[in-house]
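In: just the structure for this:
(chains A and B)
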Amino acid sequence: MQRNLRLRHDITAAARKYFESRGFIEIETPIMAKSTPEGARDFLVPSRLNPGKFYALPQSPQLFKQTLMFSGFDRCYQVARCFRDEDLRADRQPEFTQIDLEMSFVEPDDVMKVIEELFLYIFKEVKELSDKEIKPDFTRIRWKDSMESYGTDKPDLRFGLPIKEISDIFKETSIKFFKDTLKKNGCIKSIVINDASLLSRKELEILTDIAKDCGAGGLLWIKTGYGLEFQSPVSKFLSETEKRDLIKNLNLKENNLLLIVADKFEVVCQALGTIRNYLGEKLKLINKDEFKFVWVYDFPLFEWSESEKRIVSKHHPFTKPDKNTICYLKSNPLKVNSLAYDIVLNGEEIGGGSIRINDSNLQKEIFNILELDEKRIEENFGFFIKAMEYGIPPHGGIAIGMDRMVMLLGGLDNIREVIAFPKTQSAVCMLTGTPSTVTEEQLREVFIKVIEENKEGKK
RNA sequence: GGAGCUGUCGUCUAGUGGUUUAGGACACAUGCCUGUCACGCAUGAGAUCGCGGGUUCGAAUCCCGUCAGCUCCGCCA
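Out: Numbering: from 1, shown residues only, chains lettered A, B, ... in the order given. Here you go, the predicted structure:
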């Protein structure tokens, strides 16, 4: 733990030094901020001087950062505490730290360069990392390509096992569930494992369960035996043409194993992506000393939220649409891409950012597509749109999750390892017993009544 | 909200129905030794086996409930 907190300090210190040398200034923004309609659940703080009103702890300093751009600070950053009232995970705490930066007059490439150089600097300056003489490796991949080849928008590039599209091979198939899938505009994809003997019957059962957990109907396997003879539950339904095309397209050799999922695109990605990661660990394909950074870009601007039954921002509502696809904004917003980019390290998202909208009409249009009503927009973002109307510089930025980054650079697998006094999975501080009850007196002062019933509610 | 795993001295843990008066390591206390340095040696203190019920002649061990911790799904603009 001591080593971890020291590593964290060294990384933070190096980052500050780096930004300083690059002409960024560190500006603190309010922790008592405004509740936002989009995004994660807010932590609320009652206001004594304004009965019935609440501050919200910031999910990120996004609006403040952008407003600073409007005010002529063309390069600023902060080591910012952020708060999101959602359930915890091994890599997620309700209270966490971001290195958050914003720059004026930039393209995505400029922001990426700044971050790549930040990491190079960290790897050089932080002793624990420089001693190992490991060079970080940066690549870029389009969101669509990442989904196609790795089934996820945060691919782990420390190992291969790419996912291959094989829908076309089965256009004339007699295999019923393949036929059904293709009829419903689904797809068929496969992962090829070179040595079929690496996976026992029992392992295949486990993989099938993973696929089913991801919503797939199941997992089909095909082994290529001696003389490329196909062994599979569906082998007698495979035509000679299909076998020939599989061998040709997937470059199959003897003793290969194909793992195949046929379903909707999203389900296939989820299933084979999860299986791929499982196999990466299981087959020991991962070199734990490697640091593979990858920029994922060309994200969709929106996505469909099944739970809310409406379109929501994939990144956040201030993200600028890509000029090549903005023409679909009215006709089919889900086809619009954005100038957003995520940085992924060894299969974990450690940061994301975008070029922001700097046109008030476009910003209003985005809010409309998100079905935020006029009153809400005015209330929450009025000042923001007003500023845009006066003209603001084009700008963009990014936020890096400090805790997660230190965790990964330290070779750790739990975010609590790099946080002093972290919260348990039920969001409790073990040391102090926070959260705790308060006196009636305190509650009266802030005009709050606690409702006893299984759940406690504010106000 | 759902699924699963775990719960033994201060800490890490051994122990899966019967000499278990629950064993060890580190830490602690006392004494001895000692230019020692992850000191060594001896002695000692320290555990209602998370809690409540049940099964059994007998439960840390099996079952049920509960609480806590952890992992995952949902959730995380």
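In: residue in the stretch 301-450 of chain A with the shortest distance to RNA strand B?
Out: Closest contact between the stretch 301-450 of chain A and RNA strand B, by CB to the nearest atom of the strand, is at residue A:425 (2.9 Å). Quick note: C-beta positions are derived from backbone N, CA and C, even for glycine.
In: centroid residue for chain A?
Out: Computing the C-alpha centroid of chain A and ranking residues by CA atoms, centre = their mean puts residue A:349 first, at 5.0 Å.
In: wasn't that one part of a helix?
Out: No. Applying DSSP: H, G, I helix; E, B strand; the rest coil, one finds residue A:349 to be strand, outside a helix.
In: does it touch residue A:155 like I think?
Out: No. The criterion here is CB atoms under 8 Å, and residue A:349 misses it with residue A:155 at 10.4 Å.
In: for residue A:85, which non-adjacent residue is spatially closest?
Out: In space, and not counting its chain neighbours, residue A:85 is closest to residue A:41: 4.0 Å by CB to CB, 6 or more residues apart in numbering.
In: that neighbour - that's part of a helix, no?
Out: No. Using three-state DSSP, the assignment for residue A:41 is coil, not a helix.
In: follow-up on the earlier one: distance of the nearest residue to the residue nearest to the centre of chain A once chain neighbours are set aside from residue A:88?
Out: In this structure, residue A:349 finds its nearest non-sequential neighbour in residue A:154, 4.7 Å apart by CB to CB, 6+ apart. Applying CB to CB, to the nearest Å, the value for residue A:154 to residue A:88 is 19 Å.
In: I figured residue A:59 hits residue A:36, correct?
Out: Yes. Using CB under 8 Å, residue A:59 makes contact with residue A:36 at a distance of 6.6 Å.
In: between those two, point out the one with more neighbours.
Out: Neighbours per residue (other CB atoms under 10 Å) separate residue A:59 from residue A:36, with residue A:59 holding more: 22 against 18.
In: and the more buried one, how far from RNA strand B?
Out: 5 Å (CB to the nearest atom of the strand, to the nearest Å).
In: enumerate the residues of chain A near RNA strand B.
Out: Taking CB under 7 Å from any atom of the strand, the part of chain A that reaches RNA strand B is made up of A:36, A:38-41, A:59-60, A:62, A:84, A:86-92, A:306-307, A:312-317, A:414, A:416, A:424-426, A:428, A:430, A:454-455.
In: endpoints of stretch A:129-141, how far apart?
Out: The first and final residues of stretch A:129-141 sit 26 Å from each other (CA to CA, to the nearest Å).
In: run the chain-centre distance for that stretch.
Out: 21 Å (CA atoms, centre = their mean, to the nearest Å).
In: report the buried residues of it.
Out: Residues of stretch A:129-141 classed as buried by neighbour count (16 or more other CB atoms under 10 Å): A:129, A:136, A:138, A:140, A:141.
In: same check, this time on stretch A:85-101
Out: By neighbour count with 16+ other CB under 10 Å, stretch A:85-101 contains the buried residues A:88, A:91, A:93, A:94, A:95, A:96, A:97, A:98, A:99, A:100, A:101.
In: compute the first-to-last residue distance for that stretch.
Out: The first and final residues of stretch A:85-101 sit 23 Å from each other (CA to CA).
In: that stretch: how far from the chain's middle?
Out: Using CA atoms, centre = their mean, the offset of stretch A:85-101 from its chain centre is 12 Å.
In: same check on stretch A:165-176?
Out: Counting by CA atoms, centre = their mean, stretch A:165-176 is centred 32 Å from the centre of its parent chain.
In: for the stretch 151-300 of chain A, which residue gets nearest to RNA strand B?
Out: residue A:213 (7.3 Å).
In: report the buried members of the residues of chain A next to RNA strand B.
Out: Applying 16+ other CB under 10 Å to these flags A:36, A:59-60, A:62, A:84, A:88, A:91, A:312-317, A:416 as buried.
In: in strands only, show me those residues.
Out: Counting by DSSP state E, the part of these found in strands is A:312, A:313.
In: of all pairs in the buried ones among the residues of chain A next to RNA strand B, which one spans the longest distance?
Out: The span of these, defined through CB to CB, is set by A:317 and A:416 at 31.6 Å.
In: gap between the residue nearest to residue A:349 and residue A:294?
Out: Going from residue A:154 to residue A:294 by CB to CB gives 8 Å.
In: quick one, which of the two is more surrounded?
Out: Set residue A:154 next to residue A:294 and count neighbours by other CB under 10 Å: residue A:294 wins out with 22 against 19.
In: regarding that one, what is its secondary structure?
Out: Secondary structure, three-state DSSP: residue A:294 is strand.
In: got the contact list for it?
Out: Shown in contact with residue A:294 (CB atoms under 8 Å, 6 or more residues apart in numbering): A:138, A:139, A:140, A:141, A:146, A:155, A:157, A:343, A:344.
In: count the residues that sit near the fifth one.
Out: Put plainly, it is residue A:146. By the criterion of other CB under 10 Å, residue A:146 has 25 neighbours.
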